[in-house]
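Enquirer: Provided below are the primary sequence and the corresponding predicted coordinates.
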Amino acid sequence: MIAKEYISELKHRGNGDITSLVNTQKDVGNINFIFESLSIENTTPCFYTGDSLNILKRIPSESIDCCMTSPPYWGQRCYENGGIGLESKPEHFIDNLLKITKEIQRVLKNAGSFWLNIGDTYKNKSLQGIPWRIAIRMMDEQGWILRNDVIWNKHKGAMDSSSDKLRNIHEMIFHFVKSNDYYYNDEAIRMNPQTTTVRNGAIVSSSGVCGVRYKRQIELSTSLSKEEKAMAMQDLLQVLQKVEKSEIPDFRMIIRNQQRATHSDSERVSGRAKELKEKGYYFLFYSKNGALPTDIWEILPEDTQNREKHYAVYPEDLCKIPILSTCPPDGIVLDPFCGSGTTNKVAYDLQRRSIGIDISQEYINIAKQRVSQLHLNLF
């Protein structure tokens with residue numbers, strides 16, 4: 001039974017045809033029809049059952065804005081209907097996965113992003129290095145651009161009886177793009193903006209910088225000329241005025257031979273180094289909208305409480321930053337190994353359209369049930 005609130009929301013977002021919205025699984029031959037039905041107003045996910053590679057080949061080129069997926073890991077489980085992950089050697093698994101990533105590259109828009117979550121596996125006591133072997137081949141052979149390698153700290157791992165190695169509690173998430181001109185909304189994912197304060201009559205930045213130390217360093221500097229000192233002091237006062245007006249929450253000042261440069265010392269590769277040599281100082285400004293997330297994500301895996309079927313530990317929180325930052329509001333999210341539909345559920349929560357593919361009919365049924373029972377509470 002579908003909740004009345006959900007039906008009401010579907011009517012609000014879609015065209016009022018509840019049957020067509022809830023029964024989202026369609027015949028693969030009708031995939032072009034599915035793209036036509038993925039209107040901006042109708043964000044209910046569409047699911048396909050079948051081999052990911054075959055279905056991906058039917059998707060039009062440059063039609064997807066963001067792909068986020070967690071494929072089956074090599075040698076970890078026996079999946080219904082077989083599929084990727086059951087190969088006899090990790091090399092064969094990587095070969096098969098690269099066929100998938102090549103199709104993802106084709107269907108992704110030039111401004112699109114691909115987020116890949118993949119775990120590693122031991123064989124004969126040796127960690128295989130599968131995530132990085134995949135990433136390097138994607139870059140070398142397919143021309144992907146790797147923007148971030150994210151460490152997902154799960155805080156807890158599977159049962160491990162080993163006494164001769166550390167416990168494994170992390171996995172890799174890679175952010176790939178096709179070109180340098182890709183969509184990225186950093187403002188959508190900035191966190192915890194901080195404000196300035198007044199301390200002992202002085203304006204203090206969100207991290208405690210008030211400019212006194214920088215003024216002293218400028219005055220005592222033996223590396224700055226008289227003219228450079230005057231200009232540095234004038235610019236510092238202007239920055240402090242911006243802090244006082246809350247135009248910027250925080251800043252750092254790098255002064256020649258006082259602070260270590262934040263980038264390369266080579267003027268050929270760093271504009272900052274050139275500025276430091278020619279001017280004697282430069283400023284780093286922090287966004288008033290908060291800081292960007294780091295490349296280490298502290299996210300607990302999904303648990304199985306209150307569920308009839310077990311599904312992967314891939315949690316909803318893992319999808320939020322990728323979808324918010326790299327899928328525009330009117331975009332389409334793809335998960336070619338959607339499993340129980342976590343990526344698609346988060347895409348729906350964030351009012352993005354999405355497509356999910358999985359070889360298991362059982363998982364597709366679970367995914368459809370999850371979407372049908374959404375509480376529609378945006379985080």
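Expert: Great, that's in hand.
Enquirer: The stretch 1-150 of the chain: helices as residue ranges?
Expert: Assigned by DSSP state H, counting those that start in this stretch, the helices in the stretch 1-150 of the chain fall at 4-13, 18-22, 31-37, 52-56, 90-107, 130-142.
Enquirer: Which one of the ones you listed has the poorest average confidence?
Expert: Mean pLDDT is lowest for helix 18-22 out of the helices of the stretch 1-150 of the chain, coming in at a mean of 34.
Enquirer: Quick check: buried residues in the strand ranked longest in the chain?
Expert: Longest strand in the chain by number of residues (criterion: DSSP state E): strand 108-118. Judged by neighbour count using 16 or more other Cβ atoms under 10 Å, the buried positions of strand 108-118 are 108-109, 111-118. From N, CA and C alone the C-beta is placed, and that goes for glycine too.
Enquirer: List the contacts of that strand.
Expert: 62-71, 73, 101, 104-105, 130-131, 134-135, 144, 147, 152, 171-179, 181-184, 314, 318, 322, 326-327 (Cβ atoms under 8 Å, 6 or more residues apart in numbering).
Enquirer: And the buried ones among the residues you listed, selectable in ChimeraX?
Expert: Here is the ChimeraX command that selects only those of those that count as buried (16+ other Cβ under 10 Å):
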select :63,64,65,66,67,68,69,70,71,73,101,104,105,130,131,134,135,144,147,152,171,172,173,174,175,176,177,178,182,183,314,318,322,326,327
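Enquirer: Tell me, what's the model's pLDDT at the residue lying farthest from the centre of the chain?
Expert: Farthest-out residue of the chain from its mean C-alpha position, per Cα atoms, centre = their mean: Lys226, at 47.5 Å. If you check Lys226, the pLDDT there is 92.
Enquirer: which residues sit in contact with Phe174?
Expert: For Phe174, the contact set (Cβ under 8 Å, 6+ apart) comprises 115-116, 118, 131, 135, 146, 148-150.
Enquirer: For these, give me a markdown table that also has distance to Ile332.
Expert: Shown next, in a markdown table, are the contacts of Phe174 (distance: Cβ to Cβ, whole Å):
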| residue | distance to Ile332 |
| --- | --- |
| Trp115 | 14 |
| Leu116 | 18 |
| Ile118 | 23 |
| Pro131 | 26 |
| Ala135 | 24 |
| Leu146 | 23 |
| Asn148 | 22 |
| Asp149 | 25 |
| Val150 | 23 |
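Enquirer: Please identify which of those is nearest to Pro249.
Expert: Using Cβ to Cβ, Asn148 is the member of these that lies nearest Pro249, at 24.2 Å.
Enquirer: Pretty sure that closest one sits against Ile296.
Expert: No - Asn148 is beyond contact range of Ile296, at 10.7 Å (criterion: Cβ atoms under 8 Å).
Enquirer: Might you report the residue contacts of Lys345?
Expert: 45, 316, 367, 370-371, 374.
Enquirer: so it sits in a helix?
Expert: Yes - under DSSP: H, G, I helix; E, B strand; the rest coil, Lys345 falls within a helix.
Enquirer: For it, report the pLDDT, please.
Expert: Reading off the model, Lys345 has pLDDT 93.
Enquirer: Buried subset of the contacts of Lys345 as a ChimeraX selection?
Expert: To isolate the buried ones among the contacts of Lys345 in ChimeraX, judged by 16+ other Cβ under 10 Å, type:
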select :45,367,370,371,374
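Enquirer: so can I have JSON lines of the contacts of Lys345 showing pLDDT?
Expert: Below are the contacts of Lys345 laid out as JSON lines (pLDDT from 0 to 100):
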{"residue": "Pro45", "pLDDT": "90"}
{"residue": "Glu316", "pLDDT": "92"}
{"residue": "Ala367", "pLDDT": "89"}
{"residue": "Arg370", "pLDDT": "82"}
{"residue": "Val371", "pLDDT": "77"}
{"residue": "Leu374", "pLDDT": "59"}
